[in-house]
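**Q** sequence plus predicted model, see below.
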Amino acid sequence: MPLHKIKDFDPDYRTHFDDQDIVGYDLYAGKDKVGSVDDLLVDDSGKLRYLIINTGTWILGKKVLLPIGRSRIDYKNHRITAEGLTRSQAEALPQYDGNMPVDYDHEEQVRSVYRPMAGTTAVENSAPLDNNAPLTGYDRDTYSYDRDSALYDLDDTNHQSLKLYEERLIANKTRAKTGEVAVGKRVETETAKVSVPIEKERVVIERTAGAGTAVTPGDRAFQDGEVARVEVYEETPDIRKEAFVREEVNIRKEVDRDTVNAEETLRREELNVDTQGNPVVDKGVDSRRNSERV
């Protein structure tokens, strides 16, 4: 079955490892740091089969494959321990070349090194599938990873991960339109009356009798055409309409703030550790609660 680098197969592969990237984790053999994880190999089904190990200064410049079942993942300390791996066994492993695909023969060389560490052999874990099968019970066409479960199955004892859940009250707001105010203008008409006082001139002619006293007529006396002229004026009303600003209207919005209180019952899972006898148990620290106290 072809093998693929996990980033090429699934760019979001971290979700399968508690959202952590084990690529780059340190590799330990016992208490000694011997290298680091360069990459992961999965089969066509997406199941993890190998860790690509850079042995670092342990075996300078050599990269080898570590079956996932022979590893113990420590997420807390960002390290992986290779179960039972020794320097001589690492030297016996075929070198991994990232430019060449891992074929069946390469995997068989890897399995031949790790099987003694796992306490198993190919014959013990398999039986002939048909009368024409080789004595080992399989060949490149019939081999299944299930035959070497000790190499490829994750050990639940060493890879247990228990998640504790809690409910949190999430407060959010939604904005909804509750109405609309339209401010416009309309024209109203009314009849207005105005009074304007005007003046008109008129000529008043008053005639009075003479006193009977004799006078001496002048040169112009008794001449035709003598006229007295008086100009007469009158006022006429000048009434028109003009537009003026009666008032100004300003429109704005103001925000009234209020606090809405809500109450819900929340659930949280707590860890119960039951022990028998006198085992030493490190229960760890609730990092979330410690961060809340800061």
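**A** Ah, there it is. Numbers count the residues shown, from 1 in each chain.

**Q** going forward, measure contacts between C-alpha atoms and count neighbours the same way
**A** OK.

**Q** any weak-confidence spans in this protein?
**A** For the chain, the stretches flagged by pLDDT under 70 are 1, 15-19, 119-136, 155-167, 218-221, 280-294.

**Q** tell me the first helix or strand C-terminal of the helix of greatest length in it.
**A** Secondary structure of the chain per DSSP state H: the longest helix is helix 104-118. The helix or strand immediately downstream of helix 104-118 is helix 149-152, counting by DSSP states H and E.

**Q** and that following helix, how far out from the chain's middle?
**A** Offset of helix 149-152 from its chain centre (CA atoms, centre = their mean, to the nearest Å): 40 Å.

**Q** show me what that helix is packed up against.
**A** helix 104-118 (3 or more CA pairs under 8 Å, 6 or more residues apart in numbering; DSSP states H and E).

**Q** who does the helix it packs on touch, helix- and strand-wise?
**A** helix 149-152.

**Q** 7 Å instead, please
**A** Of the remaining helices and strands, none touches helix 104-118 by 3 or more CA pairs under 7 Å, 6 or more residues apart in numbering; DSSP states H and E.

**Q** for it, give me every contacting residue.
**A** Here helix 104-118 makes contact (CA atoms under 7 Å, 6 or more residues apart in numbering) with Gly84, Gln89, Leu93, Pro94, Thr121, Arg140, Ala150, Leu151.

**Q** cool, stretch 68-79 as well?
**A** So stretch 68-79 is in contact with 25-27, 48-51, 80-83, 150-155, 158-159, going by CA under 7 Å, 6+ apart.

**Q** which among those residues end up buried?
**A** Among the contacts of stretch 68-79, the ones that count as buried by 16 or more other CA atoms under 10 Å are 25-27, 48-51, 80-83, 150-155.

**Q** just those residues: which are in strands?
**A** Asp26, Leu27, Leu48, Arg49, Tyr50, Leu51, Ile80, Thr81, Ala82 (DSSP state E).

**Q** nearest residue to the middle of this structure?
**A** Asn172 (15.0 Å; CA atoms, centre = their mean).

**Q** before we move on, what SS does that residue have?
**A** On the three-state scheme (DSSP: H, G, I helix; E, B strand; the rest coil), Asn172 is labelled coil.

**Q** next, the contact list for it, please.
**A** Here Asn172 is in contact with no residue (CA under 7 Å, 6+ apart).
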